[in-house]
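>>> got a sequence here, can you model it:
(one chain, ligands or ions: 1)
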Amino acid sequence: MAQGFLLKYAEIGVKGKNRYKFEDALCDQIRLRLSFIDGDFTVQKESGRVFVQADGDFDFDEVIETLQRVFGLAGISPVEVVEDKNWDNVTKAVGDFVEKQYDKCDFSFKVKSKRSDKHYPYTSPEVCVEMGGYLLDRFPELSVDVHNPDVYIWVEIREKAYIYSKVYKGIGGMPLGTAGKAMLLLSGGIDSPVAGYMISKRGVWIDAVYFHAPPYTSERAKQKVVDLAKLVSRYTGKIRLHVVNFTDIQMYIYEQCPHEELTIIMRRYMMRIAQHLAKENGCLGLVTGESIGQVASQTMQSLAATNEVCDIPVYRPLIAFDKQDIVDISEKIGTYETSIQPYEDCCTIFVAKHPVTKPNLKAINKSEENLTEKIDEMVKEALDTIEIIEIGK
Ligand SMILES: Nc1ncnc2c1ncn2[C@@H]1O[C@H](COP(=O)(O)OP(=O)(O)OP(=O)(O)O)[C@@H](O)[C@H]1O
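Next comes the predicted model:
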């Protein structure tokens, strides 16, 4: 059983003077996530790494899976720690480690070393050579292969010595909470959950808003969005989901506006409401799952028309992604199966047969003039009757 886990971080490593803030945010996230699973974990910074001391009963796979969902980590290694790092202790510990890890010591290996304690009597290359020699003496069936070894044996000389041979890939990105908060427009489709995951991977907290149109969209369609938010929150942490009743607004637009402009005008009202909620909740921008050319409302002209009603940035993490690339990510993060459940979305119910693909802004603005102040009352009513669902932890 590993005594703990040595974690390598991703981009934080290239940060300058304020690197400690990113490291602290990362440690906070690791502590939080590990607090939800069995085991007794102590998280501490260790020059360029994070060390998690693991005590008590814990499920190894669960720890790895949990850490693999923490943004900011590049690699996760179960380690043996040698407190007193004098050379004899370290060599013996490395030999014991190899013996314990592998039933048969007949493979090829390469020792890799990193030394952050510059006062240690051996340099990194010396550690590799000396340790390699020691292992060959102790396990005669081992062989060295510096180009393509079966096993890498890592020895990191820090305040203590750390020994490991496995590196589980981390998810990368930046620690949550290092980049402010944004409001995700979350539908029940494939794209917006992926967009939420992607923006969050850059360290952004997310809140979400879902436009619901009962009775045209069912309770099951809403539940699907709640389920998606739960799945996304395994990565993004807590999400405050705002469910907006959009029925009256949609019906009114349907009655008053040219049908080929419906999707754009509805989308503009969604953006206005989302922006209001974003400002109310301290969000610095909106996030959507749009990508250029995917459907009529996602041409560059249409995106310009939806942007026009926003005075805060609209982030579209998937803007240049092919559909298949988006599907691949949704499968990886576990939202795909839920996203493809066949429940209707309000945008697909009130869709025109021939929506405009190159909306003319003047024409759109003119059509919106027909909506009179009645729509402002409807927007106010929608804002007053929002249901808030707290998702995740
Ligand atoms: N009912 C809704 N509630 C909240 N946001 C929505 C809703 N419908 C659409 N959106 C937002 O608008 C974006 C574009 O929606 P649209 O239906 O045109 O495309 P889509 O490719 O089907 O997107 P998705 O797969 O995310 O549903 C979505 O990614 C989402 O951010």
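>>> ok, which stretches of the protein are helices?
19-34, 60-67, 87-101, 124-138, 191-200, 219-236, 247-256, 262-280, 300-307, 323-333, 336-339, 346-349, 361-369, 374-384 (DSSP state H).
>>> the residue in the stretch 201-350 of the chain positioned nearest to the ligand: what's it in contact with?
In the stretch 201-350 of the chain, the residue that lies nearest the ligand is residue 289 (2.6 Å; Cβ to the nearest ligand atom). From N, CA and C alone the C-beta is placed, and that goes for glycine too. Residue 289 makes contacts with 185, 187, 189, 190, 191, 192, 193, 194, 195, 316, 318, 326, as judged by Cβ atoms under 8 Å, 6 or more residues apart in numbering.
>>> from these, which are also near the ligand?
Restricting those to those near the ligand by Cβ under 6 Å from any ligand atom leaves 185, 187, 189, 190, 191, 192.
>>> which residues touch the closest residue to the ligand within the stretch 51-200 of the chain?
The stretch 51-200 of the chain approaches the ligand most closely through residue 189 (2.2 Å), counting by Cβ to the nearest ligand atom. Going by Cβ under 8 Å, 6+ apart, residue 189 touches 289, 339, 345.
>>> again with residue 387
242, 243.
>>> same thing but 10 Å
Going by Cβ atoms under 10 Å, 6 or more residues apart in numbering, residue 387 touches 210, 212, 222, 241, 242, 243, 244, 245.
>>> most neighbours out of those, which is it?
residue 210 (27 neighbours; other Cβ atoms under 10 Å).
>>> number of nearby residues for the closest residue to that residue other than its chain neighbours?
Closest residue in space to residue 210, ignoring its immediate chain neighbours: residue 225 at 4.6 Å, by Cβ to Cβ, 6 or more residues apart in numbering. Other residues near residue 225 come to 28 when the count uses other Cβ under 10 Å.
>>> need the per-residue pLDDT for residue 225.
Looking at residue 225, its pLDDT is 97.
>>> please apply the same query to residue 107.
As predicted, residue 107 sits at a pLDDT of 94.
>>> likewise the one 5 residues further on?
Residue 112 carries a pLDDT value of 97.
>>> for it, give me its contacts.
Residue 112 touches 124, 127, 128, 131, 149, 152, 153, 154, 155, 156, 165, counting by Cβ under 10 Å, 6+ apart.
>>> same deal with residue 37?
Per Cβ under 10 Å, 6+ apart, neighbours of residue 37: 58, 59, 62, 63, 65, 66.
>>> most surrounded residue in the residues you listed?
residue 63 (23 neighbours).
>>> that one is in contact with residue 78, isn't it?
Yes: taking contacts as Cβ atoms under 10 Å, residue 63 lies within contact range of residue 78: 8.7 Å.
>>> got any residues that touch both of the two?
Counting by Cβ under 10 Å, 6+ apart, the shared contacts of residue 63 and residue 78 are 2, 4, 5, 52, 54.
>>> can you tell me how far the second one is from residue 69?
Distance, residue 4 to residue 69, by Cβ to Cβ, to the nearest Å: 19 Å.
>>> more neighbours: which of these two?
Ranked by neighbour count (other Cβ under 10 Å), residue 4 and residue 69 place residue 4 first, with 22 against 16.
>>> ok, that one to residue 60 distance?
12 Å.
>>> anything in contact with each of those two?
With Cβ under 10 Å, 6+ apart, residue 4 and residue 60 have common neighbours 54, 78.
>>> kindly report the residues of this protein close to the ligand.
185-187, 189-192, 209-211, 288-290, 294-295, 297, 345-347.
>>> which of the residues you listed count as buried?
Buried members of the residues of the chain next to the ligand, counted by 16 or more other Cβ atoms under 10 Å: 185-187, 189-192, 209-211, 288-290, 294, 297, 345-347.
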